[in-house]
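Student: sequence unknown, structure follows:
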C-alpha cells in the first residue's frame, strides 16, 4: 500500500504570493491533518479534515486554509506569504477522525513540502 | 501557558547502550501522549503512545513512562542501534478542544 504523498516536495515563493500544497492520503484513509514544522517553533498543528469537513483547527491566521475532496485528497493554501511562513509542511492521514486522540488510530506522515519564502 | 518541552536538545550514546529521552509537559488536562521519530528528510513516524490512565507502556525495544505527578514523560530505547539516530519528540493532547502540542525535539546520535 502506497504511503502518504505530498506535492511538490520543494517550493520557492516570494513575499505576497500565494501557494497551494497537495496531499494524497493512504488509500482508504479519510482523515488528513496538516502541520507546520520550523526550527524555532517545532511541529505545530494547522487543521484536520475528515469527509470534506474541517474537524479541528490550530492557532494559525486565516491566511492558512485548506480543503478536502471527495477522494480524501487535501490541499492547503497560504495566501499573502510572509518570510515566517518558510517551513516544512507535513500532512498526515489516518483511517478515522484523529482530532486529538479520541481514537487510537495511528497517523501516518508524508515526507513534507519544503516551502521557502524569499 | 501550555507547553511541552524537552530537557535535552541532543543525546549521544554508544551502540548497544540504552537511551532515555525526556519530556516535560505543563497541561495537567492532557490525557494522551505520543512519541515520534523523525529521520532526516522524512516525516515523523509514530513510535508509541500512552494514555493518562497508564504509567507505562512497552513496545518493541521501546518503553514509555508517564509520571503524572511531576508531568514527565520519557522514552526508553533498549540496545540502541545506529538506525535509531533521529530527532525524537513528544506530543500531548489535552484540554476541552483536544489541542495537539508538540515538543521541540531531541536529536539522538548513536555512535558505532
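Tutor: Cool, got the structure. This is a predicted model, so every value here is computed, not measured. Numbers count the residues shown, from 1 in each chain, chains lettered A, B, ... in the order given.
Student: could you pull out the strands for the chain?
Tutor: By default, I'm working from chain A. Here chain A has its strands, by DSSP state E, at A:5-7, A:10-13, A:19-24, A:31-38, A:42-50, A:53-57, A:64-68, A:74-78, A:87-94, A:108-109, A:113-117.
Student: hm, I was asking about chain B
Tutor: So, for chain B - with DSSP E - the strands run B:4-5, B:10-14, B:19-25, B:30-38, B:45-51, B:56-58, B:62-67, B:72-77, B:86-94, B:99-102, B:106-111.
Student: contact residues of chain B facing chain A?
Tutor: Contacts of chain B with chain A, taken as CB under 8 Å from any CB of the partner chain, map to B:31-32, B:34, B:41-46, B:49, B:51, B:89, B:91, B:93, B:97-105. The C-beta positions use only the backbone N, C-alpha and C, and glycine is treated the same way.
Student: where in chain B is pLDDT low?
Tutor: The model of chain B has pLDDT under 70 over residues B:1-8, B:95-99.
Student: could you identify which of the strands of chain B is most buried?
Tutor: The highest mean neighbour count among the strands of chain B, using mean count of other CB atoms under 10 Å in any protein chain shown, belongs to strand B:86-94: a mean of 24.
Student: pairing partners for that strand, with directions?
Tutor: strand B:30-38 (antiparallel), strand B:99-102 (antiparallel), strand B:106-111 (antiparallel) (DSSP bridges).
Student: what angle sits between that strand and strand B:72-77?
Tutor: Interaxial angle, strand B:86-94 versus strand B:72-77 (axes from the mean of the first three to the mean of the last three CA atoms, to 10 degrees): 140 degrees.
Student: which residues touch strand B:86-94?
Tutor: For strand B:86-94, contacts defined as CB atoms under 8 Å, 6 or more residues apart in numbering or on different chains pick out A:42-43, A:100-101, B:2, B:4, B:6, B:21, B:23, B:25, B:27-40, B:44, B:47, B:73, B:75, B:99-108.
Student: swap in stretch A:27-34?
Tutor: Stretch A:27-34 is contacted by residues A:1-2, A:23, A:25, A:45-51, A:55-56, A:66, A:68, A:72-74, A:76, A:89-98, A:105, A:107-108 when judged by CB under 8 Å, 6+ apart.
Student: repeat for stretch B:30-41
Tutor: Stretch B:30-41 has contacts (CB under 8 Å, 6+ apart) with A:100-101, A:111, B:21, B:25, B:44-53, B:62, B:64, B:66, B:73, B:75, B:84-95, B:102, B:105.
Student: thank you, goodbye.
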